[in-house]
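Visitor: show me the folded form of this:
(2 chains)
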2 protein chains.
Amino acid sequence: MQQKIVNPGDLAFQLYELHDVESVLRFDRYADHSRETLQAALDLALKVAAEEFAPHARLVDEEEPTFENGRVEMRPEVRKALDVLKGTGLMAASQDYERGGMQLPAAVAQMCVGMLKGANVGTQGYAGLTIAAANLILAHGSDEQKSRYAEQMLAGRFFGTMCLTEPHAGSSLGDLRTRAEPRADGSYRLFGNKIYISGGDHELSDNIVHMVLARLPDAPAGVKGISLFLVPKILVNEDGSLGERNDVALAGLIHKMGYRGTTSTMLNFGEKDGAVGYLVGQPHQGLAAMFHMMNEARIGVGLGSVMLGYTGYLHALDYARERRQGRPVGEKDPQSPQVPLIRHADIRRMLLAQKAYVEGGLALCLQGAMLVDEKKFAETGEQRELAAGLLDLLTPVIKSWPSRYCLEANSLAIQVHGGYGYTREYPVEQFYRDNRLNPIHEGTHGIQGLDLLGRKVSLAGGRFYQALMDRIETSIGEARQHPRLTDNADRLERAVRAMAEATDAINAEKSGGDKEQALANATLYLDAFGQLVVGWLWLRQGIRALAGLAGDGEQTAGFYEGKLRACDYFARYELPGVLHTAELLKAVDTTALNMADEEF
Amino acid sequence: MQQKIVNPGDLAFQLYELHDVESVLRFDRYADHSRETLQAALDLALKVAAEEFAPHARLVDEEEPTFENGRVEMRPEVRKALDVLKGTGLMAASQDYERGGMQLPAAVAQMCVGMLKGANVGTQGYAGLTIAAANLILAHGSDEQKSRYAEQMLAGRFFGTMCLTEPHAGSSLGDLRTRAEPRADGSYRLFGNKIYISGGDHELSDNIVHMVLARLPDAPAGVKGISLFLVPKILVNEDGSLGERNDVALAGLIHKMGYRGTTSTMLNFGEKDGAVGYLVGQPHQGLAAMFHMMNEARIGVGLGSVMLGYTGYLHALDYARERRQGRPVGEKDPQSPQVPLIRHADIRRMLLAQKAYVEGGLALCLQGAMLVDEKKFAETGEQRELAAGLLDLLTPVIKSWPSRYCLEANSLAIQVHGGYGYTREYPVEQFYRDNRLNPIHEGTHGIQGLDLLGRKVSLAGGRFYQALMDRIETSIGEARQHPRLTDNADRLERAVRAMAEATDAINAEKSGGDKEQALANATLYLDAFGQLVVGWLWLRQGIRALAGLAGDGEQTAGFYEGKLRACDYFARYELPGVLHTAELLKAVDTTALNMADEEF
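Guide: You can find the predicted model right below:
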């Protein structure tokens, strides 16, 4: 199978050698699984991604969905690909057997969706959102909601959406105004306007189940007064058959720079009598319910960003090997043949940077997914609590780091292609446009920075932060056993110390009272913290590669040497940047904070 | 006039206070000019940019030119805007009065085109290429070529193109294959295929004059065997009237990520009997002729990148002031009104970064333009030689620095807009797509890095490099007179020293023999060198702002405070990065160089 979605050798290395995904098979939930069944799911997802999703990725970009006669029209290839996906059962990859699921470990289930994202993020959007919406119902809904809606969604009969944003309330969810009025039969009628609703309308499924945040009449102001509702596009009768059209209207499509295959819509709820909705979970607990799923959703965003970077890298690598251009430095004979691009040092630097970003990002997202399973199923409460805390701490990093660095990988993939990369005749410019969404949605960089520095770092008195640093120190100690990695370990150690000093300085400032000042550079903190974490994951990959070279591994010597080289790249080219950001953070710099409006 | 193209106060500050453009009025060529005439040209260009170019910038992106019935079709607004431009005489802004020109200083002439680029880079492309092609004829052509072609081009009757790239020869121009066969009448017949020819075909002008690089039959291989030819789309009779169609055929259009308004074409020369062409300058000296114009062309690219960043910044600033979202850190009352985005520290940081990039980039490009005039007209041969050397040294920086950092400014402008910034309903996503071309064309980052480190730094035994560093040291000394700028001066000094050590180490390596190793990180050298130069220009802006605050200036106190703040931002947030890149360069790092193909 010809594909440029993922390097299967790297994926195997990461899953089985680096993260030891087989270790979670000890949990009862995964008792029926073996490496063979995990790999079979991955192989199936890759096959569907390569054969059904990738071929029309450009098509849905060039011919994006349109709004005609009140309906959304789109290319027929989208439905065909999604129909194949439904048939595989992969939409329920992580769910219970009894709901029609596969009960796959989180890392494998995430990876199955991730490969679809790398292949065609636009078409994948419909499935990804449906999975997310179904998970929300399964986590917080009633048994009736689970069987009537979630099971239909996992089977692909119904699709789903997440309706959070309103025109005047983006990052500031507490300001949303959509209201829900209770009715005597226990249902609600919703009134309000939502924007940026991906997959908000289409003809790809029999029904669309909107998960809508809204306010009850007695709701307190702000984030504490938000409830979660299930609002189907078409009402569902008790026997599961479809009834009347609900009062949900498509108000228009939004046209985006990229990610064009996934319709982005404006939806009006309750233009007439109110849209029929059903409360999911407890009143006023909607945001908590939503955020309960946020860790996994944000791993999904991070992994999507990684996979767009990854496919760009594989395309650039292929191009650099095939395309002949120029001659080596020092070659004086103009009649000597042109050499492949990869022969030039600067091209290799750009490829190595991409490799470091995308394989580092993959290690990061899989680390998060491993913690999802540890958090749920680990043997002791202490282990589960630790895993939950580490996951909470890492979530803003997993969401944001790939969306910066794997977007940069996409830019480098364009650069390797030269002028061709800027044209729509090659796919890399689309990856770059598609990926530019990721630093924005599901919480911008700015929001993630406030989450990390304002909340997560000091969670439980900083215990999880310390636990992460301890793990990093353990890896550093381990690396120091190997002369090949001593310098890399030293560089990571310096970064750890610098960030520790910065964190202490900011905390002192914060306890000193000026919280705004303490958080002024939270986005830079997020970035440096992410570099530190990925530096750690690269050191671990280096350690594992040495074991592989010593015979304890399944990959080639060249593969392991490449891992060591990328580990070097990260330590030498990337980690030093942490030191200067940490200096700035330590000084609790207020240059931007103090800039007055009239000074711009 | 409502416009978001440039801050007129900043432009006045940069031209009249920072760079003292009036100083070049001492040269005979500019004897008729005064600040009033310069400003009148700038005001006219800004008015045309805002009123004729900006309004259809989105339109030519959404409805890019098409290839129908052998013709290029495009929106009528393009022709209308260009017709207005032709009428102003601005296409000949820098040219001699006797050629119909305005004899404006380089900084002003560049800025006039720059404002058109910021307003609508797609439509501007046709004019910009015409000016460049005409300049080439005026510099190297015969008198007949000048009057028959160049003057028609400056008047806008004919448009022009640059035909360099061929499908198999992009950065490697020495490999181009288009051949030119001499005819008895002194003309030539050209045969070959060119790609990425911007403005290669259209109906906007009576004729199109292609400046084509090709090989004569006796040409040596490589770059030393390339000659320059003038190839009109329609042959021009001796009396200036139009004759037969030449053998130049449009083979197709290339579709790009951005810059869509400027048609990018594939042209076939000599499908039938050969395209009639005329030699410009000496045989085999075509590349030298082309590169003779390269300094100014590359200032144009750099400035175009700056102006796209600049308009993005002004849009983001406006949005941040208008859009209300969220509450200040520490505000607990969810019913308190939402505040404008600019009230958030992270938004101010993103705006300040954009300001530092675009105003720093503008200072850089104008510095280059000032050197263009000094190089041509300064009183002594020594002064002219020094200016020429400094310009040669700075050219790769002027070409590349804005195309990285002002592209980053465009990304930050999207981020300030949040989800709206990712939609095509707002203009910032287009600026980002348009600007992504600039790191590629007119020499990629990689090519500029090799030019800077492999040639320019060691030009004349490093004399110009040293002269630049001396100027920087002078500014550092000057800044140290002001307590407000001592820390900024110290930071720049550290960066200067670090780069000096890196340069010495690389030179030692190079003289040691392994040139490939010495140049392996040339792109990083280029980047750090650029940061150093822009750091210097920001320090100079800081010094000038202090003078302004002391009463010697025309702008408001808030304006000058903002300049100081941006000077601080650059010193604190940007310059430290130079130190770690310099460390890497000093170590002559070979991580990427030594990466083997099979290790990817």
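Visitor: got the contact list for A:Lys256?
Guide: Residues in contact with A:Lys256 (CB atoms under 8 Å, 6 or more residues apart in numbering or on different chains) are A:Ser264, A:Leu437, B:Tyr422, B:Thr423, B:Arg424, B:Glu429. Yep, even glycine has a C-beta here, placed from its N, CA and C like the rest.
Visitor: any stretches of the stretch 1-150 of chain A with poor pLDDT?
Guide: In the predicted model, the stretch 1-150 of chain A carries no residue with pLDDT under 70.
Visitor: ranges for the strands of it?
Guide: Assigned by DSSP state E, counting those that start in this stretch, the strands in the stretch 1-150 of chain A fall at A:66-68, A:71-73.
Visitor: just name the most buried of those.
Guide: strand A:71-73 (a mean of 15; mean count of other CB atoms under 10 Å in any protein chain shown).
Visitor: export the strands of the stretch 1-150 of chain A to CSV and tack on distance to chain B?
Guide: Below are the strands of the stretch 1-150 of chain A laid out as CSV (distance: least, CB to the nearest CB, whole Å):
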stretch, distance to chain B
strand A:66-68, 14
strand A:71-73, 17
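Visitor: correct me if wrong: A:Gln541 contacts A:Leu18.
Guide: Yes: here A:Gln541 reaches A:Leu18: they are 6.0 Å apart, a contact under CB atoms under 8 Å.
Visitor: now do the shared contacts for the two.
Guide: Common neighbours of A:Gln541 and A:Leu18, using CB under 8 Å, 6+ apart, are A:Ala363.
Visitor: neighbour count winner among these two?
Guide: Using other CB atoms under 10 Å in any protein chain shown as the criterion, A:Gln541 and A:Leu18 rank with A:Gln541 on top: 26 against 23.
Visitor: sorry, back to before: among the contacts of A:Lys256, which ones are in helices?
Guide: B:Glu429 (DSSP state H).
Visitor: only whichever of the contacts of A:Lys256 are buried, select them in ChimeraX.
Guide: Of these, the buried ones can be selected in ChimeraX as follows, counting by 16 or more other CB atoms under 10 Å in any protein chain shown:
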select /A:264,437 /B:422,423,429
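Visitor: show me which of the contacts of A:Lys256 is closest to B:Leu390.
Guide: B:Leu390 lies nearest to B:Glu429 out of the contacts of A:Lys256, by CB to CB, at 37.0 Å.
Visitor: show me where chain A has strands.
Guide: Counting by DSSP state E, the segments of chain A that form strands are A:66-68, A:71-73, A:158-163, A:179-182, A:188-198, A:207-214, A:227-232, A:234-236, A:242-245, A:248-254, A:264-269, A:275-280.
Visitor: each with direction, which strands does the third one pair with?
Guide: Read it as strand A:158-163. Take DSSP bridges as the rule and strand A:158-163 pairs in its sheet with strand A:207-214 (parallel).
Visitor: so the strand it pairs with versus strand A:275-280, what angle?
Guide: 70 degrees (axes from the mean of the first three to the mean of the last three CA atoms, to 10 degrees).
Visitor: which residues does A:Gly326 contact?
Guide: For A:Gly326, the contact set (CB under 8 Å, 6+ apart) comprises A:Gln338, A:Val339, A:Leu341, A:His344, B:Ser171, B:Ser172.
Visitor: find the residue closest to A:Arg343 in space, skipping its chain neighbours.
Guide: Using CB to CB, 6 or more residues apart in numbering or on different chains and skipping residues adjacent in sequence, the residue nearest A:Arg343 is A:Pro328, 6.1 Å away.
Visitor: how about the contacts of A:Lys256 in CSV, adding distance to B:Asp504?
Guide: Formatted as CSV, the contacts of A:Lys256 follow (distance: CB to CB, whole Å):
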residue, distance to B:Asp504
A:Ser264, 54
A:Leu437, 45
B:Tyr422, 46
B:Thr423, 50
B:Arg424, 50
B:Glu429, 44
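Visitor: enumerate every residue touching A:Pro232.
Guide: Contacts here follow CB under 8 Å, 6+ apart; on that basis A:Pro232 touches A:Tyr149, A:Phe158, A:Asn207, A:Ile208, A:Val209, A:His210, A:Asn246, A:Val276.
Visitor: the longest helix that chain A contains and chain B, any residue contact?
Guide: For chain A, the helix with the greatest residue count under DSSP H is helix A:381-417. Yes: judged by CB under 8 Å from any CB of the partner chain, helix A:381-417 and chain B are in contact via A:Ser411, A:Ile414, A:Gln415.
Visitor: now the first one, nearest residue through space, not along the chain?
Guide: Counting by CB to CB, 6+ apart, A:Ser411 lies nearest to A:Tyr432, which is 6.0 Å off, once chain neighbours are set aside.
Visitor: how many other residues sit next to the one you found?
Guide: Neighbours around A:Tyr432, by other CB under 10 Å: 28.
Visitor: the one 4 residues further on too?
Guide: Using other CB under 10 Å, the number of residues around A:Arg436 comes to 27.
Visitor: how does chain A divide into domains?
Guide: Domains of chain A are assigned by automatic domain parsing as A:8-154, A:159-284, A:293-328+A:337-443, A:452-591.
Visitor: pick the most buried one from these.
Guide: domain A:293-328+A:337-443 (a mean of 23).
Visitor: now do the contacts for the residue nearest to the spatial centre of chain A.
Guide: In chain A, the C-alpha nearest the mean C-alpha coordinate belongs to A:Val301, at 1.8 Å (CA atoms, centre = their mean). Residues near A:Val301 by CB under 8 Å, 6+ apart: A:Lys399, A:Ser403, A:Asn438, A:His441, A:Glu442.
Visitor: quick one: contacts for A:Lys332?
Guide: Contacts of A:Lys332 (CB under 8 Å, 6+ apart): none.
Visitor: which one of the contacts of A:Lys256 is nearest A:Met307?
Guide: Out of those, the member with the shortest distance to A:Met307 (by CB to CB) is A:Leu437, at 13.5 Å.
Visitor: quick check: chain neighbours aside, which residue is closest to that closest one?
Guide: In this structure, A:Leu437 finds its nearest non-sequential neighbour in A:Tyr259, 4.9 Å apart by CB to CB, 6+ apart.
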